[in-house]
Structures are given as structure tokens and as C-alpha cells.
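**Student:** please work out how this folds:
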Amino acid sequence: MPDDKNKKIVFLFARQRSGTGALSSLLNQHPACNYLGEVFGDAIEQHPMHYFNWLRDVVTSEPDLILPDRSEMRLQRYLGHLRESLTEQVLILDVKLSQAHQFEPYDRGVNARPNLFSMVKASGYGVLFVRRRNLVRTYLSRLSADKSGIWHATGSVQGLAKLQVDTNHMVNSLKKMARRERYIDNLAALFPDACELEYAELFDSSTNSLTSKAAQALEVALGIDSLGELRTMQQKLRPGSLEDIVENCAEVRLALAGTQFEEMAH
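**Tutor:** Numbering: from 1, shown residues only. Below is the predicted model:
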């Protein structure tokens, strides 16, 4: 078993519906890799390595660890717990951007960058960014998951009705998402050496494997090989053109005409 101190910790930062589920199903087939999933998410009871499961146990004997000024100590202790508990050489923590606020010191203002990013940078941990820059497809993916209740598909999904899109809600949501993307650009600039992966270039849909570009980038970032030989177990929930997915497609295209999102509908 690798020395605990030599195990590689990697933080993967992404938004929801950006392909991380498919990526996790592929990476977890590699014997040297453990993609831990959303350790700061809401599935606490289903996740034995979840941060809050660990914290709930440790604060019974060390209550002061919960104090805001102990955030750096808390993060390092948690990562040490993962290193001691898991056997794989590479441990990947999936941190959605909405979950990055768990290590704030005393109040720094509502617009302050989450302290987690500064701590990750200062500690020199590995960093991946997974981006899905086609915001129209991201919006439709979230809408589809909300309506169907299916967030991840491991086989073909039959009988899904086309989506009826509220175009006003869509355009307003896309504007908010675009502002969020600019915020993510600023976060990514903190990590000039990070591996950044784009959803559209992540998988070869004909083989369910990583593209050669993505496989090579990940092998370098994670320090492991043979990723190109693996296949993801998950499928796109709604592949195809906009017409295949959206019932009121003409209304959607009209609402997007002349906006910065128009090209994303193709």
C-alpha cells in the first residue's frame, strides 16, 4: 500500500451537470484512483467518506475544531483521514462550486472568494476544472433532470417526453449562468497549472471512452496511465439536436436570437 503521505490529493471543481458523474464512473475503474464524489454535498448518509460524517465523529472529542479560525486545521485533518482510510494512490474530491463554502473563517463579506480555494492553492494540491461552456445545453440538462428525476443514466432511457421550455426563465437563467462563468474564470486563474477539461471534448460518444486529448491531460494531471482504455458506464440522458430535445424549439431559438447564447443552440 502506498505511503499515506505520498498519496495524491486532487480537487475537482465543477458546476452541476458538467459531466463529472460520467467521469467518476470511468476513473473509479482504475485501480490507482478513487474518485470520492461530492464529499461536501448533501448525500451525507450514503457517503461513508463524507466530510460531515468525519466531522460529526471528531468534534465529540475535539469540539474546538469546529471554530471558524480552525478551518485550515480542519481541512488538513480531514484529508489526513482520507489518506489513512483509503488504499488508492490518487484521491479525487469532487467539489461543486456551490459546496465550496465549508471552510470560511470569520465573516469576510458576502462577495469574498471561498477560503477553500486559497487553502488548496497554498497547500499545492492537484486541481482539475471541468467546464461546460455551452450554457444552453447545461440549462436543458438540469431542466431534464428536474422533470424526469433521472440525474444519471447507465443505459438508454426510453420514453422521455420532449421538454417544454419557459423561454423567459431560460434567458434569465442563462444570464445568471454567464455571470457565474466569469466568476469561475477568475477562480481558474488562481491555478494556472491546473488541468482544465471541457465537457464537449471529454468523451468520444462512439466508444464511451475519453477522447485522446482528455485522456492524455488527465494522465499527466493525476500521474497515472491507461485511462484511454477505460469506458464510462454512464450515458447522455438526452443526446441529439435541440429539435430532438425541446418541444417548443422554434420559440427557444427565437428567444435566443441576437443574444450571446444564440450559437449555443446549434
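**Student:** now do the same contact list for Gln89.
**Tutor:** By Cβ atoms under 8 Å, 6 or more residues apart in numbering, the residues touching Gln89 are Pro2, Asn6, Lys7, Lys8, Ala32, Cys33, Gly223, Ile224. In short, each C-beta sits where N, CA and C put it, glycine included.
**Student:** return the subset of these lying in strands.
**Tutor:** In strands, judged by DSSP state E, the following of those are found: Lys8, Cys33.
**Student:** look up how far Ser71 lies from the residue of the chain positioned farthest from its centre.
**Tutor:** In the chain, counting by Cα atoms, centre = their mean, Ser61 sits farthest out from the average C-alpha position, at 32.7 Å. Using Cβ to Cβ, to the nearest Å, one gets 19 Å for the distance from Ser61 to Ser71.
**Student:** gap between the two ends of stretch 10-21?
**Tutor:** For stretch 10-21, the first-to-last residue distance is 16 Å (Cα to Cα, to the nearest Å).
**Student:** how about residues contacting that stretch?
**Tutor:** Here stretch 10-21 makes contact (Cβ under 8 Å, 6+ apart) with 90-98, 100, 120, 125-132, 138, 141-142, 145, 151-152, 180, 184, 187, 199, 202-203, 221-222, 234.
**Student:** tell me the buried residues in it?
**Tutor:** Going by neighbour count (16 or more other Cβ atoms under 10 Å), the buried part of stretch 10-21 is Val10, Phe11, Leu12, Phe13, Ala14, Arg15, Gln16, Arg17, Ser18, Gly19, Thr20, Gly21.
**Student:** and what of stretch 133-140?
**Tutor:** Across stretch 133-140, burial judged by 16+ other Cβ under 10 Å covers Asn134, Leu135, Val136, Arg137, Thr138, Tyr139, Leu140.
**Student:** what's near enough to touch the fifth one?
**Tutor:** Residues touching Thr138, when contacts are defined by Cβ under 8 Å, 6+ apart, comprise Arg15, Arg17, Ser18, Arg132, Met177.
**Student:** packing partners of the longest helix seen in the chain?
**Tutor:** Across the chain, the helix with the greatest residue count (assigned by DSSP state H) is helix 167-188. Under the contact definition 3 or more Cβ pairs under 8 Å, 6 or more residues apart in numbering; DSSP states H and E, helix 167-188 sits against strand 126-131, helix 135-148, helix 249-256.
**Student:** contacts for that helix next, please.
**Tutor:** Applying Cβ under 8 Å, 6+ apart, the contact partners of helix 167-188 are 13, 15, 97, 113, 117, 129, 131, 133, 135-136, 138-139, 194, 196, 248, 251-252, 254-256, 259-261.
**Student:** now do the helix or strand following that helix: distance to the chain's middle.
**Tutor:** Note on helix 167-188: by DSSP states H and E, the next helix or strand toward the C-terminus is strand 195-198. Centroid displacement of strand 195-198 relative to its chain, using Cα atoms, centre = their mean, to the nearest Å, is 11 Å.
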